[in-house]
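In: what's the 3D shape of this:
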Amino acid sequence: MVPEKIAENVYSMRINHFNRRMFDALIPLPDGTSYNAYLVRGTGKTALMDSADPEKKDALFDFLRDVEKIDYLVAHHAEQDHSGSLPFVLEKYPAARVAANPRCKEFLMSHLHLPAEKFIEVKDGGRLDLGGKTLRFIYTPWVHWPETMVTYLEEDRILFSCDFFGSHIATGELFSDEKTVYGPMKRYYAEIMMPFRSSIKSNLEKIKELELALIAPSHGPIHKNVKFALDAYKDWALSEAKNKVLVAYISMHGSTLLLVNRLVSRLQEKGVPVEKINLDEFDIGCVAMALVDAATVVIGTPTVLAGPHPKAVYAAYLANALRPKTRFVSVVGSYGWGGRALETIAGMISGIKAEALKPVMVKGMPTADDLLEVDALAGLIAEKHKSLAFS
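Out: Numbers count the residues shown, from 1 in each chain. Reported below is the predicted structural model:
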């Protein structure tokens, strides 16, 4: 494997992981992923920006086979998909020092047992001169861990952005194509960054004055069109929710499905776009992506042993954890003899700062009156959406 030049004496060491299908044993990866390290050579010093998941350390060392010396290992983030190969790199280059902020140093010492003498601490706004190549460090906490930072290569106007602007996609293309990368990039934002929208906003402010030629993330291709990447994040993190309803449902004997279909039909008649996701066999990434924009979320669930269906519970838990900018929430569902499915789901989504709309829970097969209640819910959602200024 040969490093790919992205600027004078700056190289990408991108390691594609085409067949990885789950991340953190949680996040589906339909397009695989990549681990991106970058090599920056100055006239005096050489820096390696991040490393790779330890599973792919041999590929990283293949990239490094002709690199005789590394002076600094810049650690933007302590999570192992970025840092896991650092102990092995330090074995190969024992004189190298890990450049990290104090919080990252603390994590790397506990997570990887790196000794304190292997570090140099860098400050927010601090610089490291490599000789004609100046690295400026910018703290970006909670994007998406508390210790995360990015590095700006001043002479070449390159932002090494770590997880910021990243995408889980394995591709042969070094630079991003907007049509190809938009979906994986939005999925990445939805699953990883969305809970930290307020931090995304403040950190976008921190980098807005930088003159950027490239954004080089630690996952996915490099962005030549930096405006595309910045505008996407501004839309997802800063703009208001859109005129869209997410209906995430599971049905056992058809009763809940009747309610869901009626709701979707009535909303569409009123001109409200709907994304309907069957939770029977679902990709949590699809639910997360829909949550990025939806002004209203409706969860549909039957009752199982007096509580909501476990897959509806999973969807509710996910929505609550991701903290989307949703404005309205509701529940539709059915029960056989009783239970607390509604109360359980309502309690699980209480962390979403949204107005709860009157739910529809029916006993057995929906009656004509039950369906009229669904019609009323659809009308209420449509009216609520009219009150919002959608972009």
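In: Just the CA coordinates for the longest helix that the chain contains, please, in CSV.
Out: Across the chain, the helix with the greatest residue count (assigned by DSSP state H) is helix 368-386. Extracted C-alpha coordinates of helix 368-386, given in CSV (Å, rounded to 0.1, in the frame of the first residue of the first chain):
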residue,chain,number,x,y,z
ALA,A,368,-64.7,3.1,12.7
ASP,A,369,-64.6,5.4,15.7
ASP,A,370,-61.0,4.4,16.3
LEU,A,371,-60.0,5.3,12.8
LEU,A,372,-61.7,8.7,13.2
GLU,A,373,-59.4,9.3,16.1
VAL,A,374,-56.5,8.5,13.8
ASP,A,375,-57.9,11.0,11.3
ALA,A,376,-58.0,13.6,14.1
LEU,A,377,-54.4,12.9,15.0
ALA,A,378,-53.4,13.4,11.4
GLY,A,379,-55.3,16.7,11.3
LEU,A,380,-53.6,17.9,14.5
ILE,A,381,-50.2,17.0,13.2
ALA,A,382,-50.9,18.8,9.9
GLU,A,383,-52.1,21.9,11.8
LYS,A,384,-49.0,21.8,14.1
HIS,A,385,-46.7,21.7,11.0
LYS,A,386,-48.5,24.7,9.5
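In: who's in contact with that helix?
Out: Here helix 368-386 makes contact (C-beta atoms under 8 Å, 6 or more residues apart in numbering) with 243, 245, 258-259, 262-263, 266-267, 270-272, 295-296, 298, 327-328, 330, 332, 355, 357-360, 362, 366. C-beta here means a position set from N, CA and C on the backbone, and glycine is covered the same way.
In: Check stretch 328-335 too.
Out: Under the contact criterion C-beta under 8 Å, 6+ apart, stretch 328-335 has outside partners 249, 255-256, 259-260, 263, 295-303, 308, 312, 341-342, 345-346, 349, 352, 354-364, 366, 374, 377, 381, 384.
In: Now go through the contacts of helix 368-386 and say which are in strands.
Out: When DSSP state E defines the strands, the subset of the contacts of helix 368-386 inside them is Asn243, Val245, Ala295, Thr296, Val298, Phe328, Ser330, Val332, Glu355, Val360, Val362.
In: Report the buried members of those residues.
Out: Asn243, Val245, Ala295, Thr296, Val298, Phe328, Ser330, Val332, Val360, Val362 (16 or more other C-beta atoms under 10 Å).
In: okay if I get these as CSV plus distance to Met149?
Out: Formatted as CSV, these follow (distance: C-beta to C-beta, whole Å):
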residue, distance to Met149
Asn243, 37
Val245, 38
Ala295, 34
Thr296, 37
Val298, 39
Phe328, 37
Ser330, 41
Val332, 45
Val360, 48
Val362, 52
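In: how about a markdown table for those residues, with distance to Ser167 and pLDDT added?
Out: As requested, those are exported to a markdown table (distance: C-beta to C-beta, whole Å; pLDDT from 0 to 100):
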| residue | distance to Ser167 | pLDDT |
| --- | --- | --- |
| Asn243 | 26 | 95 |
| Val245 | 26 | 98 |
| Ala295 | 25 | 97 |
| Thr296 | 27 | 97 |
| Val298 | 29 | 97 |
| Phe328 | 30 | 97 |
| Ser330 | 32 | 96 |
| Val332 | 34 | 97 |
| Val360 | 38 | 97 |
| Val362 | 42 | 96 |
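In: so which of the residues you listed comes closest to Ser218?
Out: Checking those against Ser218 with C-beta to C-beta, the nearest one is Ala295 at 32.2 Å.
In: quick revisit: of all the ones in strands among the contacts of helix 368-386, which comes closest to Val287?
Out: Distances from Val287 to the ones in strands among the contacts of helix 368-386, taken by C-beta to C-beta, are shortest for Val298, at 12.5 Å.
In: distance of that closest one from Lys358?
Out: 12 Å (C-beta to C-beta, to the nearest Å).
In: and if you look at Asn278?
Out: Taken as C-beta to C-beta, the span from Asn278 to Lys358 is 24 Å.
In: quick one: low-confidence ranges for this protein?
Out: Scanning the chain with the threshold set as pLDDT under 70 gives 390-391.
In: Would you mark the buried spots in stretch 230-237?
Out: Neighbour-count burial for stretch 230-237, counted by 16+ other C-beta under 10 Å, picks out Leu230, Ala232, Tyr233, Trp236, Ala237.
In: Any chance of CSV for those, columns secondary structure?
Out: Shown next, in CSV, are the buried residues of stretch 230-237 (DSSP: H, G, I helix; E, B strand; the rest coil):
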residue, secondary structure
Leu230, helix
Ala232, helix
Tyr233, helix
Trp236, helix
Ala237, helix
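In: could you redo those as JSON lines and give each row distance to Leu108?
Out: Shown next, in JSON lines, are the buried residues of stretch 230-237 (distance: C-beta to C-beta, whole Å):
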{"residue": "Leu230", "distance to Leu108": "29"}
{"residue": "Ala232", "distance to Leu108": "30"}
{"residue": "Tyr233", "distance to Leu108": "27"}
{"residue": "Trp236", "distance to Leu108": "30"}
{"residue": "Ala237", "distance to Leu108": "28"}
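In: And the strands in the stretch 51-200 of the chain?
Out: 72-74, 97-100, 119-121, 127-129, 134-139, 149-153, 158-162 (DSSP state E, counting those that start in this stretch).
In: among these, which is nearest Ser34?
Out: Smallest distance to Ser34 across the strands of the stretch 51-200 of the chain (C-beta to C-beta): 13.4 Å, for strand 158-162.
In: mind listing what the closest one pairs with, with the direction of each?
Out: If you go by DSSP bridges, strand 158-162 pairs up with strand 149-153 (antiparallel), strand 214-217 (parallel).
In: Mind listing residues that contact the longest one?
Out: Read that as strand 149-153. 7, 10, 40, 49, 74, 76-77, 101, 104, 122, 124, 133-140, 158-162, 164, 207, 210.
In: same thing but 6 Å
Out: Applying C-beta atoms under 6 Å, 6 or more residues apart in numbering, the contact partners of strand 149-153 are 74, 76, 101, 135-140, 159-162, 210.
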